[in-house]
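**Q** What shape does this take:
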Amino acid sequence: PGEAWCFQRLNDCDCMTIKSILLGLLIMLVSSVRADGDNVSATILWYAEQEPGVDPYRMRYLVTPDFLRSDDGVDSENFLLFDRKRKTIYSVVGENRSILQIDGGVETYAAPQELAMRVETRADTQAPKVGGRPPVALELLAGETVCKSAVIAPGFLDDEREVFRDFSHVVAAQQARTMNNTPPELRTHCFLARYLYAHDFHLAEGMLLAEWSPSGERRELVDIEEHVAVPSSLFVLPDDYAVVRTSER
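**A** Okay, the predicted model is just below:
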């Protein structure tokens, strides 16, 4: 509906969202600033994010081969840092001078058959191309329930996509560790599919352009800058903050 190239089963609102994202990517300006000295070269991705009952807000993701930093774009004291080599996420809070450390390394397991989990894929060759290829819409289902939807760009920013995917694996590892602490009534089939067994169902296929869930969470890619020189200090943890590991809480 709405546009000939919009994907089947998406409503008008989703079609307009996807249309604006794809057309925006076609005219997006890409900066090229060479890193030097105290700077490192990063790809910066801006996403508009929304939670139920909260107005949309912009989040900045700075990606290098070794790190992923997420913040609100003002180089504040509050940020999330993923150390890819160590497979560790650090949540830094300036207000109380603390760092929450989340370690990876826990194996996840194949989904039990009773989840009846599957991913449906739809591509439209008439859609505006991103990185020379048409985007693909994905839906993660448990039984007949749609748990999460996404639009991805195959073959686009693959190096950065792999960093995001590694980050997702650490989050899933933490979820596996704390599963026994999750109230049974919250461990629905969709919860298990989204956060444990198929957390990277979209990132395995391409770079994320948009994602949304029936509960109201949304994320949309709104801007990209490549080869940007940013201070290397953005990827360094404060050395005078208290560190708390999730296993200690």
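**Q** Tell me which residue lies nearest the centroid of the chain.
**A** Nearest residue to the geometric centre of the chain (CA atoms, centre = their mean): Phe164, 6.0 Å.
**Q** Against Thr246, how distant is His202?
**A** In this view, His202 and Thr246 are 25 Å apart by CB to CB, to the nearest Å. For every residue, glycine as well, the C-beta is placed using N, CA and C.
**Q** Between those two, which has more neighbouring residues?
**A** Just comparing His202 and Thr246: by other CB atoms under 10 Å the higher neighbour count belongs to His202, 28 against 14.
**Q** Restricting to C-alpha, output the longest strand along the chain in CSV.
**A** Longest strand in the chain by number of residues, with DSSP state E as the criterion: strand 218-231. The C-alpha atoms that make up strand 218-231 are tabulated as CSV, following Å, rounded to 0.1, in the frame of the first residue of the first chain:
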residue,chain,number,x,y,z
ARG,A,218,11.2,1.7,16.8
ARG,A,219,14.6,2.5,15.4
GLU,A,220,15.3,4.2,12.0
LEU,A,221,18.6,5.1,10.4
VAL,A,222,18.6,8.8,9.6
ASP,A,223,22.2,9.8,8.8
ILE,A,224,25.6,8.2,8.0
GLU,A,225,29.1,9.7,8.0
GLU,A,226,32.1,7.7,6.8
HIS,A,227,35.8,8.1,7.4
VAL,A,228,35.3,10.7,10.1
ALA,A,229,38.2,11.7,12.3
VAL,A,230,37.1,11.5,16.0
PRO,A,231,39.1,11.8,19.2
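**Q** Stretch 60-76 - what's its average pLDDT?
**A** What stretch 60-76 shows for mean pLDDT is 93.
**Q** One more: stretch 101-118?
**A** Regarding stretch 101-118, the rounded mean pLDDT is 83.
**Q** Between the two ends of it, how far is it?
**A** For stretch 101-118, the first and last residues are 32 Å from each other (CA to CA, to the nearest Å).
**Q** Tell me who's in contact with Ala42.
**A** Contacts for Ala42 (CB atoms under 8 Å, 6 or more residues apart in numbering) come out as 62-64, 228-230.
**Q** now swap in Ser76 and tell me
**A** For Ser76, the contacting residues are Gly94, by CB under 8 Å, 6+ apart.
**Q** In terms of secondary structure, what does the longest helix along the chain contact?
**A** Longest helix in the chain, counting residues (DSSP state H): helix 158-177. Taking 3 or more CB pairs under 8 Å, 6 or more residues apart in numbering; DSSP states H and E as contact, the helices and strands that helix 158-177 lies on are strand 57-63, strand 67-71, strand 79-83, strand 88-93, strand 98-103, strand 207-212.
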